[in-house]
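Peer 1: Here you go, sequence then predicted model.
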Amino acid sequence: MSKEQSSFLTSIDIGTTKVTVSVAKPLEEKLEIIGFASTAHRGFHQGQLVDPHEIISALAKAKREIEATSNITLVDCWLTIADSTITTVQSKASQSIRRVVKQSDIQNILEAAQEAAQVRSDREILHVYAQSYKINGKKVVQPPIAEKTNFLEVQTLVVTGSRRNNQTARDCIKSIGMNVLGVVCQGVAVAAAHTEEATKGAGIAIVDIGGSQTDIACYIDGHLSYLGSLPVGGVNFTQDLAIGLKTPQTQAEEIKKNHGAALVELVSSDEVVTIERVRGQGHENIPVRFVSEILEARSEETLGLILKTISDVGLLGQLKDGIILTGGGSLLPGLPELGEFTFEIKFKRAATIGLLSVNPQALSPVMAASMGVLHYARERQYFEPSVFSVDTFKDNWMKLKSFIENIL
């Protein structure tokens with residue numbers, strides 16, 4: 001007999017090149033990964049989900065694999081989906097109080113800010129984060145519960161995604177017999193796996209370099225200040241190699257993983273690799289340094305685009321704690337060192353935080369979004385929100401209200 005789903009958390013990550021289903025058991029301070037499966041797909045084009053049948057097939061295969069190996073029937077899940085159209089908008093709200101601020105006042109004013117957000121009909125609000133409050137003319141960061149004031153104000157950051165993409169993904173998941181509890185922006189998901197670094201630092205960017213999309217989340221003084229994405233990723237590195245080496249893309253991917261480096265200095269001058277030429281033109285030995293020259297150029301361009309994006313929103317100078325790189329694209333040797341040397345800003349690879357697994361694949365940066373969703377889901381199961389938001393507050397306020405009613 002299958003185990004009860006209620007004692008586990010399940011995440012589904014629909015990326016641009018693969019879907020990943022992960023299951024975790026919450027422990028005291030960590031998550032124990034008890035099952036995960038990834039399946040490649042071709043359901044995306046230019047950052048948008050265009051072939052639901054490809055996604056459904058990949059999801060069904062991953063679900064069968066986990067249920068067979070972990071003896072769990074998957075029912076509910078939290079979803080994250082690649083979306084190149086993620087946007088954020090500022091919104092504010094105010095209300096007269098004339099007494100001490102209650103938890104219900106915080107909920108009400110956050111909901112008012114969400115309703116006041118200028119969002120198009122084709123957009124879906126995914127998250128609402130309080131940036132700051134104002135009471136008695138004084139700006140405060142934390143919810144001013146129990147503080148006395150005549151007037152309460154809030155400034156929020158509203159995160160929106162593609163309504164069409166999200167609904168198509170929900171329909172795909174429904175077709176394999178599962179229910180979506182919530183949709184998490186990929187940038188938020190990846191940041192959730194590094195909550196402590198993000199919320200305690202003075203200024204940091206968490207950058208997830210995926211298959212064909214790079215997600216950026218900036219935290220300033222512990223608060224989410226920017227979310228965005230770029231239509232570049234690991235596939236661009238592979239394509240550059242395929243063109244430069246005149247070799248099939250499948251072999252270019254293998255060469256990248258087995259011999260690639262983002263810094264030419266990391267490669268021996270006498271090391272060679274045998275490649276297969278396209279259109280049956282035979283094989284040839286080429287210097288591995290030539291491979292790294294191609295990858296170094298693409299790496300520098302990609303990191304430059306990331307920094308330009310952050311600079312364009314006025315936050316680059318505030319990243320006192322630098323940039324954390326994660327995702328499959330971050331595995332390229334020498335990438336953080338290239339970033340520091342070229343752009344004179346701190347770069348480092350993400351470290352695995354709060355996860356236990358006997359399978360090292362589950363702890364790889366490739367799994368950042370999927371594992372981040374599990375962290376995000378856990379925060380909503382327990383009253384430990386790292387960033388105060390509407391969805392967090394609603395979940396936990398209802399639990400507290402029910403608890404009080406039962407006592408009375």
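Peer 2: Great, that's in hand. Numbering: from 1, shown residues only.

Peer 1: Would you mind measuring from the nearest residue to residue 319 once chain neighbours are set aside to residue 226?
Peer 2: Closest residue to residue 319 apart from its sequence neighbours, by C-beta to C-beta, 6 or more residues apart in numbering: residue 203 at 4.7 Å. Bear in mind the C-beta positions are built from the backbone N, C-alpha and C, glycine included. According to C-beta to C-beta, to the nearest Å, residue 203 and residue 226 sit 11 Å apart.

Peer 1: what is in contact with the two at once?
Peer 2: 218, 315 (C-beta atoms under 8 Å, 6 or more residues apart in numbering).

Peer 1: Spell out, range by range, the helices that occur in this structure.
Peer 2: 52-70, 103-116, 163-175, 186-192, 195-200, 234-245, 249-259, 288-312, 335-343, 368-381, 390-407 (DSSP state H).

Peer 1: Kindly state the domain boundaries assigned to this protein.
Peer 2: Using automatic domain parsing, the domain parsing of the chain gives 87-161, 234-291.

Peer 1: would you list those in a markdown table and tack on distance to residue 172, mean neighbour count and mean pLDDT?
Peer 2: Conversion of those to a markdown table gives the following (distance: least, C-beta to C-beta, whole Å; neighbours: other C-beta atoms under 10 Å; pLDDT from 0 to 100):
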| stretch | distance to residue 172 | mean neighbour count | mean pLDDT |
| --- | --- | --- | --- |
| domain 87-161 | 16 | 17 | 93 |
| domain 234-291 | 22 | 16 | 91 |
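
Peer 1: Tabulate these (CSV), appending distance to residue 52.
Peer 2: Shown next, in CSV, are these (distance: least, C-beta to C-beta, whole Å):
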stretch, distance to residue 52
domain 87-161, 17
domain 234-291, 21
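
Peer 1: Residue 191 is nearest to which of these?
Peer 2: Closest of the domains of the chain to residue 191 is domain 87-161, at 10.8 Å (criterion: C-beta to C-beta).

Peer 1: Report the contact partners of residue 117.
Peer 2: 89, 91, 125, 128, 156, 158.

Peer 1: between the domains of the chain, which one is nearest to residue 309?
Peer 2: Closest among those, using C-beta to C-beta: domain 87-161, at 12.8 Å.

Peer 1: Okay, now the closest one: how far is its last residue from its first?
Peer 2: 7 Å (C-alpha to C-alpha, to the nearest Å).

Peer 1: same check, this time on stretch 205-219
Peer 2: Per C-alpha to C-alpha, stretch 205-219 runs 6 Å from first to last residue.

Peer 1: hang on, the earlier thing: winner for burial among the helices of the chain?
Peer 2: Highest mean neighbour count among the helices of the chain (mean count of other C-beta atoms under 10 Å): helix 186-192, with a mean of 29.

Peer 1: a markdown table for the helices of the chain, including distance to residue 44?
Peer 2: As requested, those are arranged in a markdown table below (distance: least, C-beta to C-beta, whole Å):
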| stretch | distance to residue 44 |
| --- | --- |
| helix 52-70 | 8 |
| helix 103-116 | 29 |
| helix 163-175 | 10 |
| helix 186-192 | 13 |
| helix 195-200 | 27 |
| helix 234-245 | 11 |
| helix 249-259 | 17 |
| helix 288-312 | 19 |
| helix 335-343 | 24 |
| helix 368-381 | 14 |
| helix 390-407 | 26 |
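
Peer 1: ok, of these, where does mean pLDDT dip lowest?
Peer 2: Out of those, helix 390-407 stands lowest, with a mean of 51 (criterion: mean pLDDT).

Peer 1: about what we covered before: so which of the helices of the chain is nearest residue 324?
Peer 2: helix 195-200 (6.6 Å).

Peer 1: coming back round to it: of all the helices of the chain, which lies closest to residue 270?
Peer 2: helix 288-312 (9.1 Å).
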